[in-house]
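got a structure for you, letters missing:
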Ligand SMILES: NC(=O)C1=CN([C@@H]2O[C@H](COP(=O)(O)OP(=O)(O)OC[C@H]3O[C@@H](n4cnc5c(N)ncnc54)[C@H](OP(=O)(O)O)[C@@H]3O)[C@@H](O)[C@H]2O)C=CC1
Ligand SMILES: Nc1nc(O)c(N)c(N[C@@H]2O[C@H](COP(=O)(O)O)[C@@H](O)[C@H]2O)n1
């Protein structure tokens with residue numbers, strides 16, 4: 001790794017890691033002591049100086065990235081995000097926009113130490129840099145300058161603050177962040193070394209507040225409100241405040257966050273209106289300040305306007321009940337059940353069928369079969385597999401997205417590409433004309449899915465535009481050389497190829513040719529689980545059907561069922577029913 005230059009982080013320059021202890025007693029009615037306030041320039045304030053107005057009066061307009069709306073309409077899963085980015089127990093890929101959205105919630109934990117250039121560039125020549133971070137508690141204990149005769153060396157004329165010195169050098173947790181440019185730009189956050197934090201998240205939240213909390217506090221005070229009343233309002237919904245990291249927010253924090261603004265603001269501060277209304281304690285009775293006049297709209301109205309800047313879950317987000325997901329666990333890749341092969345990925349065969357065993361009305365007619373709940377179940381399955389595989393017939397017929405749209409997956413409230421499976425398309429002749437508008441690429445571009453891998457045979461030559469397009473979206477063509485005289489890959493070779501690409505589980509979605517081939521006697525031993533949705537409908541003749549050839553017992557000459565599943569569970573899902581099962585062993589099958 002080439003570390004060619006060192007950059008001192010903002011946090012390092014600004015963070016004194018000292019907290020005020022004794023300014024509570026001697027404060028004026030505005031919640032701070034003017035003389036003391038002049039001494040202390042808060043580091044968070046400096047960080048956000050650029051966004052604060054230099055104007056003298058309070059403002060009703062949000063000039064902060066984070067204001068009260070962030071607290072009332074938090075970004076989805078914010079508490080989980082903070083935990084994830086505290087532990088970083090596995091590498092996390094984040095979209096650039098996501099990184100900038102989430103990082104301010106954890107910038108009290110991690111302090112940037114230095115920056116380097118990551119080795120090389122990707123095939124498109126896109127450069128990458130790498131930033132190294134350490135836990136805030138990694139730095140040495142800070143000792144303030146010694147005092148002579150009770151007078152500070154730095155601010156002889158100023159009264160002294162009582163300061164708490166935190167013990168440094170106690171935590172060795174470190175991480176690095178690769179910042180990769182390109183069409184699908186990505187920040188990869190991963191741990192350096194194997195040292196865990198020596199403390200929990202609360203511990204660091206108690207020591208230092210993150211940027212979001214300080215922004216919220218500052219933005220409310222800058223509307224002209226007394227810091228202590230702002231604190232009360234922020235603490236009204238402790239669960240929400242805790243979720244964003246503000247469990248230990250103090251009145252001093254609120255004062256510190258707004259210190260510079262208050263010094264430049266000559267006017268009178270007022271009690272926060274929500275404080276007054278909620279406590280039924282009209283502290284500002286009889287006053288009708290300009291600030292109060294300016295903020296006539298109910299808080300809920302102010303919030304609904306501001307919340308447009310937040311990112312709600314996409315409209316197509318799906319939810320799957322926990323109780324049902326627990327019922328499926330026994331047939332999912334991480335179950336205790338031994339797998340068929342240890343060197344191949346866990347293989348789940350899944351599809352939705354009508355009562356007459358059709359997958360669609362016709363080879364080129366996309367056909368909704370699953371109801372809303374079983375559709376959500378399919379996406380739950382997608383979330384639980386590393387890859388999702390289809391034949392090229394399905395890619396051409398359906399122009400599918402092949403992503404996971406369950407709440408909590410990457411792009412649906414989750415971090416980066418978490419729970420997003422890798423789409424794999426078996427296309428020996430490279431006949432799928434993937435283009436910029438293909439849904440699968442649109443999803444990859446939007447960070448709602450991964451770029452597809454297309455498995456082709458030697459002699460298939462996708463054009464250079466398609467190759468470049470796939471690469472730019474994080475996908476690729478993979479040539480599988482072992483193809484038989486009928487231009488077919490063996491399924492074992494396909495799964496081996498995916499295992500080499502570090503795929504540990506594959507969900508086979510269809511279409512009919514793929515399903516029928518895999519259910520065939522010679523291939524079914526590769527399947528670990530079968531999850532089939534049955535919908536209450538007949539599609540009628542002409543559909544694309546799942547079926548097996550007639551089967552005869554060679555010893556008796558009698559016709560027997562072609563296949564019966566074992567370890568079966570039927571799960572009703574609204575109007576549909578889902579069957580989970582496994583393939584019986586050969587011996588068990590012959591008993592049928
Ligand atoms: N209801 C449901 O759950 C689902 C429904 N569907 C429906 O299924 C239909 C599509 O099914 P279908 O037409 O059978 O197409 P498939 O999606 O099964 O694709 C079949 C093609 O994939 C390639 N292929 C498959 N297996 C292999 C192999 N082992 N080696 C090499 N190539 C292979 C072949 O391409 P080539 O011909 O180029 O050699 C083959 O013709 C669509 O109508 C779709 O809507 C699809 C998925 C799920
Ligand atoms: N589970 C299920 N139920 C249905 O009713 C279906 N039609 C399918 N089809 C499969 O899902 C793909 C579409 O996925 P996106 O919604 O575009 O992500 C389609 O291509 C089939 O593989 N599946």
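Here it is on my side, so go on. Nothing here was measured: the structure is a model prediction, and the numbers come from that model. Residues are numbered from 1 along each chain as shown. Ligands and ions are numbered 1, 2, ... in the order given.

please list the residues of the stretch 201-350 of the chain that sit near ligand 1.
Contact residues, the stretch 201-350 of the chain versus ligand 1 (Cβ under 6 Å from any ligand atom): none. For every residue, glycine as well, the C-beta is placed using N, CA and C.

spatially nearest residue to residue 174, not counting backbone neighbours?
For residue 174, ignoring the flanking residues on the chain, the nearest one in space by Cβ to Cβ, 6 or more residues apart in numbering is residue 192 at 4.2 Å.

count the residues that sit near that neighbour.
Neighbours of residue 192 under the rule other Cβ atoms under 10 Å: 14.

OK, contacts around it?
132, 174, 175, 176 (Cβ atoms under 8 Å, 6 or more residues apart in numbering).

quick one, grab the pLDDT at it.
Looking at residue 192, its pLDDT reads 95.

quick check: whatever residue of the stretch 451-592 of the chain ends up closest to ligand 2 vs residue 133, distance?
In the stretch 451-592 of the chain, the residue that lies nearest ligand 2 is residue 509 (4.1 Å; Cβ to the nearest ligand atom). Residue 509 sits 40 Å away from residue 133, taking Cβ to Cβ, to the nearest Å as the criterion.

compare these two (neighbour count), which wins?
Using other Cβ under 10 Å as the criterion, residue 509 and residue 133 rank with residue 509 on top: 27 against 23.

check contacts around the more buried one.
350, 351, 378, 388, 389, 390, 394, 402.

looks to me like the fifth one is in a helix.
Put plainly, it is residue 389. No. Counting by DSSP: H, G, I helix; E, B strand; the rest coil, residue 389 falls outside a helix, being strand.

and it, how many residues sit next to it?
Number of residues near residue 389 (other Cβ under 10 Å) recorded here: 31.

the helices in the stretch 451-592 of the chain, which residues?
Assigned by DSSP state H, counting those that start in this stretch, the stretch 451-592 of the chain shows helices spanning 464-472, 491-500, 512-519, 586-591.

tell me the average confidence for the second one?
Over the span of helix 491-500, the pLDDT mean works out to 98.

contacts for it, please.
For helix 491-500, the external contacting residues (Cβ under 8 Å, 6+ apart) are 343-345, 347, 387, 389, 424, 426, 455, 478, 480, 482, 506, 517-518, 523, 526.

is it true that residue 108 lies in a helix?
No. Under three-state DSSP, residue 108 falls outside any helix and is assigned coil.

residue numbers of the protein in contact with ligand 1?
Counting by Cβ under 6 Å from any ligand atom, the residues of the chain close to ligand 1 are 351-352, 359-360, 363, 366-367, 369, 390-394, 397-398, 426, 428-429, 431, 487-489, 509-514, 517, 544.

among the residues you listed, name the ones in strands.
Among the residues of the chain next to ligand 1, the residues falling in strands (DSSP state E) are 351, 352, 359, 360, 390, 391, 426, 509, 510, 544.

among those residues, give me the pair with the biggest separation.
Spanning the widest gap among those are 352 and 426, at 19.7 Å by Cβ to Cβ.

any idea how far stretch 199-215 is from the middle of the chain?
In terms of Cα atoms, centre = their mean, to the nearest Å, the centre of stretch 199-215 is found 21 Å from the chain centre.

and it, what's buried?
Across stretch 199-215, burial judged by 16 or more other Cβ atoms under 10 Å covers 199, 201, 204-215.

what's the closest of the residues you listed to residue 338?
residue 201 (37.3 Å).

so which of the contacts of residue 192 are in helices?
Using DSSP state H, no member of the contacts of residue 192 falls in helices.

residue 561 and residue 551 touch, don't they?
Yes. Residue 561 lies in contact with residue 551 (Cβ atoms under 8 Å); the separation is 6.9 Å.

of these two, which one has the most company?
Comparing residue 561 with residue 551 by other Cβ under 10 Å, the one with more neighbours is residue 551, at 15 against 10.

returning to that earlier point: ChimeraX command to pick out the buried ones of the residues of the chain next to ligand 1?
The buried subset of the residues of the chain next to ligand 1, as determined by 16+ other Cβ under 10 Å, is captured in ChimeraX by this line:
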select :351,352,359,360,363,367,369,390,391,392,393,394,397,398,426,428,489,509,510,511,512,514,517,544
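
okay, now the unreliable bits of the stretch 301-450 of the chain?
Under the criterion pLDDT under 70, the flagged ranges of the stretch 301-450 of the chain are 301-311.
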